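>>> Build me a model:
(one chain, ligands or ions: 2)
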Amino acid sequence: MTPCDLTIIVPTYREAANLPVLVPRITAAVHHVGLDAEILIVDDNSPDDTPDLCRRLAAEFPVRLEVRQSERGLSSAVIHGMRQARGAVLLVMDADLSHPPEKIPELVAALNDPEIDFVIGSRYVPGAATDESWGLFRKLNSRVATWLARPLTRVADPMAGFFALRKTTFASAAPLDPIGYKIGLELIVKGRCRQVREIPIRFADRLHGTSKLTLREQVNYVRHLKRLYEFQFGGWFHLLLFLAVGLAGMGVDLASYAVLLAWLPLAAARGAAIWTAMTFNFWLNRRFTFSAARREPALRQYAAFCLSCLCGAGVNWGLSVGLCRLNSAFDGHRLAAAMLGAVGGAGFNFLLSRSFVFRARTRVGAAAQPQCGVSSPASAELATLPASLGQEPANQVSEAPVRESEPVVS
Ligand SMILES: Nc1nc2c(ncn2[C@@H]2O[C@H](COP(=O)(O)OP(=O)(O)O)[C@@H](O)[C@H]2O)c(=O)[nH]1
Ligand SMILES: [Mg+2]
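Numbering: from 1, shown residues only. Ligands and ions are numbered 1, 2, ... in the order given. Predicted coordinates for the structure are as follows:
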C-alpha cells in the first residue's frame with residue numbers, strides 16, 4: 001500500500017442515499033488544497049446497495065471500500081478503518097452530511113502544529129451551530145452526555161463524530177475497547193491527547209435516512225464512561241463508587257429500620273436492617289464497583305463481603321473508642337472520633353473488598369492504568385502476569401509506511 005497524506009474514514013450503515021452527495025464534496029474539498037487523500041468507507045454489509053454504490057464511486061473518486069461481513073458497530077468500524085488507513089492523518093466523519101466536508105482542510109491543517117494531538121469539528125465552541133430543528137430533549141441529552149465526560153476531558157464537544165488525529169497517535173494509544181458510539185472520546189482519553197483543538201462547525205441534520213443512535217446506545221455510553229473513568233482514575237474511581245454505594249446503603253439501612261420497627265422488637269429490627277443494607281451494598285458493589293469480578297462465585301463473595309463488613313465495623317469501633325481513651329481532646333469531641341472511626345472502617349472495608357472479596361482471577365487485557373497511589377484490581381492482576389502480557393500493546397496498524405508529519409495543508 002502506498003502512503004498518502006490523509007485517510008478520511010466514513011463508517012456506513014445504510015447510507016446509499018447520502019454517499020453520492022458526500023463523496024464528490026469531500027473530493028472537491030481536499031483537491032482544492034492539494035491534499036493526497038483517500039476516502040475509506042467501512043460498511044457493515046448494508047442491506048441497501050451501499051457496497052455496490054461504493055464500487056461505482058471508486059471509478060471516479062479516491063474511494064476505498066472495506067466491507068465487514070460479521071461485525072457491526074460504529075466504533076469498531078472506525079477502528080477497523082484506522083488500522084487499514086494509508087494516510088499519516090486520520091479523519092473520521094459521518095456519511096449523512098451532518099459534518100461539513102468543506103471543513104476537512106481546516107481540521108487537517110490544525111495538526112501541522114506539533115503541539116496539537118487531536119482536532120475536533122466542534123458544535124459547542126464560539127462560531128459553531130447546531131441545526132435549528134434540535135428539540136429541547138436532544139439538546140439536553142447532548143449537554144448531559146458532555147457534562148458526564150467532564151472529568152475525563154475539558155473539551156467542549158467530546159461527543160463529536162467529526163475529528164482528526166495523526167496515525168501515530170492512534171498506533172500508540174492504549175488498547176481501545178469502546179462500547180457504543182463515542183470512539184472520539186475513547187481516542188482522546190486512551191491516546192492521552194492533552195492538546196485538543198476545536199474548530200467550529202455548523203452541524204446539520206442528516207440529509208437522508210434515520211439516525212442509528214438508539215436508546216441502547218445511550219445506555220452503552222454510560223457503560224463506556226465507566227470504563228474510561230476506570231482507565232483514567234484507576235482505584236480512586238473504585239473508592240468513589242464504593243463510598244457512594246456505602247452512602248446509598250445508609251439510606252437503605254435507615255429506611256428498612258423504620259419499616260421493621262413496626263413488626264419486630266428493637267434488637268431484631270436493627271439487626272435485620274443492617275443485614276438488608278449489607279446485602280444491598282454487596283449487590284451494588286458486585287454489579288458496579290467491582291464488576292470485573294462479577295464472574296466469580298457470588299455466594300463465596302457474599303460471605304467474604306459480610307466478613308469484611310464485620311472487620312470494617314470492628315475498625316470503626318476500635319478507632320472511635322480508642323481515640324477517646326488515648327486522647328483527652330477526642331474525649332471532648334466524641335462525634336469527631338466516631339467520624340474518624342467511620343472513615344477508617346470504610347477505608348479498611350474498601351481495601352478488603354478490593355483485594356480479597358472482589359478479586360477477579362482472570363482478566364487478561366484489562367487496560368487499567370491508575371494515575372494515583374491506589375491501584376485497581378485489574379492492574380494488580382496484570383502485575384502478576386508475565387511481563388509480556390502485562391504490558392499495554394499498541395493498536396495494530398496496517399503495514400503501510402506512515403509518512404512523517406510534514407505539513408500537509410498550508
Ligand atoms: N459501519 C457502521 N457504521 C455505522 C453503524 N452505525 C452507524 N454507522 C454510521 O456511523 C455514522 C453515524 O451514525 P448516525 O446514525 O448518523 O448517528 P448520529 O449521527 O449519532 O445520529 C453514520 O455514517 C452511520 O452510517 C454500524 O453499526 N456500522
Ligand atoms: Mg449522523
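>>> going forward, measure contacts between C-alpha atoms and count neighbours the same way
Will do.
>>> Surely Val63 and Leu40 touch.
Yes. Taking Cα atoms under 8 Å as the definition, Val63 is a contact partner of Leu40 at 6.0 Å.
>>> ok, which stretches of this protein are strands?
For the chain, applying DSSP state E gives strands covering 4-12, 37-43, 63-67, 87-92, 118-122, 129-130, 163-166, 196-200, 202-203.
>>> and the fifth one, what's its mean pLDDT?
Think strand 118-122. Mean per-residue pLDDT for strand 118-122: 97.
>>> strands paired with that strand, and their directions?
Partners of strand 118-122 in the sheet, by DSSP bridges, are strand 163-166 (antiparallel), strand 196-200 (parallel).
>>> between these, which gets nearest to ligand 1?
strand 163-166 (12.7 Å; Cα to the nearest ligand atom).
>>> Now do the closest one, average pLDDT.
Rounded mean pLDDT across strand 163-166 is 98.
>>> what about the nearest residue to Asp36 once chain neighbours are set aside, distance to Thr289?
In this structure, Asp36 finds its nearest non-sequential neighbour in Asp5, 5.3 Å apart by Cα to Cα, 6 or more residues apart in numbering. Separation of Asp5 from Thr289 (Cα to Cα, to the nearest Å): 44 Å.
>>> and Pro101, what does it touch?
22, 25-26, 29 (Cα atoms under 8 Å, 6 or more residues apart in numbering).
>>> Near ligand 1, list only the ones from those residues.
By Cα under 6 Å from any ligand atom, no member of the contacts of Pro101 lies near ligand 1.
>>> Ligand 1 contacts on the stretch 1-150 of the chain?
Checking the stretch 1-150 of the chain against ligand 1 by Cα under 6 Å from any ligand atom, the hits are 11-13, 15, 42-44, 72-74, 77, 94-96.
>>> pLDDT (mean, whole number) over the helix ranked longest in the chain?
The longest helix of the chain (DSSP state H) is helix 298-326. For helix 298-326, mean pLDDT rounds to 93.
>>> how about it: buried residues?
Neighbour counts over helix 298-326 (16 or more other Cα atoms under 10 Å) mark 301-302, 304-309, 311-313, 315-324 as buried.
>>> Stretch 112-128 now?
For stretch 112-128, by 16+ other Cα under 10 Å, it's 112, 116-124.
>>> Next, format these as CSV and append distance to Leu187.
Below are those laid out as CSV (distance: Cα to Cα, whole Å):
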residue, distance to Leu187
Asn112, 19
Ile116, 14
Asp117, 10
Phe118, 9
Val119, 11
Ile120, 12
Gly121, 15
Ser122, 16
Arg123, 18
Tyr124, 19
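>>> Sort out which one of the residues you listed lies nearest Val144 for me.
Taking Cα to Cα as the measure, Tyr124 is the one of the buried residues of stretch 112-128 closest to Val144, at 13.1 Å.
>>> related to what we said a few turns ago, mark which of the residues of the stretch 1-150 of the chain next to ligand 1 are buried, thanks.
Taking 16+ other Cα under 10 Å as the criterion, what is buried in these is 11-13, 15, 42-44, 74, 77, 94-96.
>>> you'd agree Thr169 is up against Gly191?
Yes. Contact status for Thr169 versus Gly191: in contact at 6.1 Å, counting by Cα under 8 Å.
>>> Leaving out chain neighbours, which residue sits closest to Arg83?
Val397 (4.3 Å).
>>> Wait, that neighbour touches Gln84, no?
Yes. Using Cα under 8 Å, Val397 is in contact with Gln84, at 6.7 Å.
>>> ok, back up a step: more crowded one of Val63 and Leu40?
Leu40 (25 against 20; other Cα atoms under 10 Å).
>>> what sits opposite the more buried one in the beta ladder?
Residues in beta-bridge contact with Leu40 (DSSP bridges): Ile9, Arg64.
>>> For the closest residue to ligand 1 within the stretch 51-200 of the chain, list the residues it contacts.
Nearest to ligand 1 in the stretch 51-200 of the chain, going by Cα to the nearest ligand atom, is Gly73, at a distance of 3.3 Å. The contact partners of Gly73, by Cα under 8 Å, 6+ apart, come to 44, 180-181.
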